[in-house]
Structure formats: C-alpha cells, structure tokens
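Peer 1: Only the shape, not the letters, is given here:
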C-alpha cells in the first residue's frame, strides 16, 4: 500500500497533532508514505510512474476555499481538481482496478457531477456506496488548509463512488 499527501512531511506534522503517529503506524505496517504528491501530476511521480494499482482512493477532494461552495467558479475549481485526479489515476490503474472518490452528495457538492467527470476518461460507475464515518473507527476528516486546517468538517450525506475502466468485458 502507498499513502500520499499533498503536504510536505514537515508541513503535515505542523498542521495535525496526530500526523506523526499516523505516519509511523502506516510505515510500521509496511506502507510507503509519500509527501508532496499532487493529484494533477501523481502519475509522473518518480516512485509511482511505473506502477499500476488495484485501488486508487481520494477521500473528500477539495480545491480550497476561495468563494462560497455554491459559487459557480468555486464549483469549477473543484471539478478541475477531480478531473485532473481522474486523468492521473486512469494512467495508474490496473485493468481490473477501481478508482474511488468519497464525496458529499447534497447540494452544492452534487453540482460537481463526479460521475460525468469520470466518464470523460472512459471510466464507468461500478458502485455508489453510502459512506458512514462509523464504518471507519479512528478516521477523522480534516479541513486540510487554512487556519482551521486541523478541524473536522461536517461530513453529512456522502458516498464513495467506485469507477472502473470501461472495456468490452464490463459494459455498464
């Protein structure tokens, strides 16, 4: 297993009190933890470029806070982030693999049109599974950036969208 972070190791440890122990626990479980990995270019990362994965997961993607969540431009920023994730992840996906995105499904987050964005990369929806924090003991969702970066955000209604490469053998 490989876990990635957009933040540098130093920034990650300064933002989240539990980051150091979480990274150590992952590494002690033989997980490779990589920092400074951007979803836009992850398929070009020197340690990832020649690897194919069975699962590639992005939980609660967010482009940052520039405007209100329902603002058209803010939604376009989020869509660009997810589009670039699909573009990179598609290149890294094994033929029988899946790309997962856990995402809020209520307005305005449903305006991101996750399924339609995936279809641009010939990915089809295999399953939309309801997401519940109770199914993941110890998981804490965080805001990710800004002065409140270490605070949790309300998850609300959300799902894990599971996509696979479309082929003659798995027509939707």
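Peer 2: All right, it came through fine. Quantities reported herein were computed from a predicted structural model and do not represent experimental measurements. Numbering: from 1, shown residues only.
Peer 1: Every contact and neighbour count from this point should use C-alpha atoms.
Peer 2: OK.
Peer 1: what mean pLDDT would you report for stretch 119-128?
Peer 2: For stretch 119-128, mean pLDDT is 96.
Peer 1: cool, and stretch 4-23?
Peer 2: Here the average pLDDT along stretch 4-23 is 91.
Peer 1: Show me what whichever helix or strand residue 74 is part of is packed against.
Peer 2: Remark: residue 74 resides in helix 72-92, with elements defined by DSSP states H and E. Applying 3 or more C-alpha pairs under 8 Å, 6 or more residues apart in numbering; DSSP states H and E, one finds that helix 72-92 contacts strand 93-104, helix 114-119.
Peer 1: so where do the strands sit in this protein?
Peer 2: 2-4, 32-34, 53-59, 93-104, 123-130, 158-165 (DSSP state E).
Peer 1: in stretch 42-62, what's buried?
Peer 2: By neighbour count on 16 or more other C-alpha atoms under 10 Å, the buried set for stretch 42-62 is 42-44, 52-53, 55-58, 60-62.
Peer 1: Lowest-confidence entry in those?
Peer 2: Model confidence across the buried residues of stretch 42-62 bottoms out at residue 62, which has 82.
Peer 1: okay but it is in contact with residue 79, surely?
Peer 2: No - counting by C-alpha atoms under 8 Å, residue 62 does not reach residue 79; the two are 9.1 Å apart.
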